[in-house]
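Participant: When you get a sec, could you give me coordinates for this:
(one chain, ligands or ions: 2)
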Amino acid sequence: MAKSGQPPEQITDRLFATERRPEDFRFDASVARVFPDMIRRSVPGYTTIIPMIEVITEQYAQADSHCYDLGCSLGASTLAMRHGISHPDCALVGVDNSSAMIERCEHYIALDDSSLPVTLRCEDILETELSDASVTTLNFTLQFVPPDRRTDLLTRIAEATRPGGVLILSEKIRFESDEEQDIQTRLHHEFKRANGYSDLEISQKRSAIEQVLIPETLADHKERLLAGGFDQVLVWYQCFNFVSMLAIKAR
Ligand SMILES: C[S@@+](CC[C@H](N)C(=O)[O-])C[C@H]1O[C@@H](n2cnc3c(N)ncnc32)[C@H](O)[C@@H]1O
Ligand SMILES: O=C(O)C(=O)C[C@]1(C(=O)O)C=C[C@@H](O)C=C1
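Facilitator: Numbering: from 1, shown residues only. Ligands and ions are numbered 1, 2, ... in the order given. Below is the predicted model:
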């Protein structure tokens, strides 16, 4: 199975290990440098989700269509899609508005052994051109889009998706019940602790992402995907407060 997956470079994330002045989290050069280690140690299930994106892409990529990875970062999800696509006439496009991410992503794509061409765009996913799509991935990206722009984006993706095409949407979610919210958040923080993050790192990261990573409930996501033009939405993965959904357009 997965020949792709985690990019090779693994520099340890110590960005929040010493006291820093409060500042919103940004995908800048310092984050891009440690990102493979950061996301693997911060997102429960990330190392399972990446190879499954390959499996899902294999099932849904259509001949002569476009496949998009929106918020591609260093290209882990892009490479999973690349290895899942068996049609040589598919056009695979990765989009990210962080130049630090795109520069490094180019390097990882060049190192990968698949010959399927990948186009990288350093653009805002809210503005990037989308058409004739069979598989689109938003792997932990929508959560960073301002909530009042999310409906527009998902509607545009649904409109650009061919019959039988899909959107893979992975997100950190919040829960309707305060009790469940507390339990799942505690378990997520325990996961980070088990991966070597200190209490200081966990709490400083939490403050840094508070205003920029806005989680919504599963019900909000499902309702928006259906209203936007997808015909079926299912959860194919969940670990604590991190889920991945598959939104499908009927044939
Ligand atoms: C958590 S990372 C995505 C991880 C990646 N998909 C993976 O599987 O490894 C979120 C990415 O989305 C990008 N991003 C956030 N908002 C964006 C926007 N409006 N347009 C383009 N990229 C965006 C960030 O720069 C960042 O690289
Ligand atoms: O929720 C957290 O604590 C996280 O660190 C999550 C998260 C994410 O889901 O994207 C936040 C920022 C980084 O991209 C890596 C992980």
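Participant: Run a quick neighbour tally on residue 166.
Facilitator: As a burial measure, residue 166 scores 24 neighbours (other C-beta atoms under 10 Å). Yep, even glycine has a C-beta here, placed from its N, CA and C like the rest.
Participant: Could I get the contacting residues of the closest residue to it other than its chain neighbours?
Facilitator: The shortest distance from residue 166 to any non-neighbouring residue, by C-beta to C-beta, 6 or more residues apart in numbering, is to residue 60 (4.7 Å). Residues near residue 60 by C-beta atoms under 8 Å, 6 or more residues apart in numbering: 134, 135, 164, 165, 166.
Participant: Need the phi and psi values for the residue in the stretch 101-250 of the chain that ligand 2 sits nearest to.
Facilitator: Residue nearest to ligand 2 within the stretch 101-250 of the chain: residue 140 (4.4 Å; C-beta to the nearest ligand atom). Dihedral pair for residue 140: phi 60, psi 40, per degrees, to the nearest 10.
Participant: Wait, it touches residue 71, no?
Facilitator: Yes: shown here, residue 140 and residue 71 form a contact pair, counting by C-beta atoms under 8 Å, at 7.3 Å.
Participant: ok so, going back, got a quick PyMOL command for the buried subset of the contacts of residue 60?
Facilitator: To isolate the buried members of the contacts of residue 60 in PyMOL, using 16 or more other C-beta atoms under 10 Å:
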select buried, resi 134+135+165+166
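Participant: As CSV, the contacts of residue 60 with distance to residue 122 would be great.
Facilitator: Shown next, in CSV, are the contacts of residue 60 (distance: C-beta to C-beta, whole Å):
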residue, distance to residue 122
134, 24
135, 21
164, 30
165, 25
166, 25
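Participant: And the strands in the chain?
Facilitator: 66-70, 91-95, 118-121, 133-139, 161-172, 232-239, 242-248 (DSSP state E).
Participant: what sits against residue 95?
Facilitator: 68, 69, 70, 71, 72, 120, 121, 123, 125, 128.
Participant: out of the residues you listed, which touch ligand 1?
Facilitator: 71, 72, 125 (C-beta under 6 Å from any ligand atom).
Participant: The nearest residue to the last one once chain neighbours are set aside - how many residues pack around it?
Facilitator: Of all residues beyond its chain neighbours, the one nearest residue 125 is residue 70 (4.4 Å), with distances taken as C-beta to C-beta, 6+ apart. Residues near residue 70, counting by other C-beta under 10 Å, number 26.
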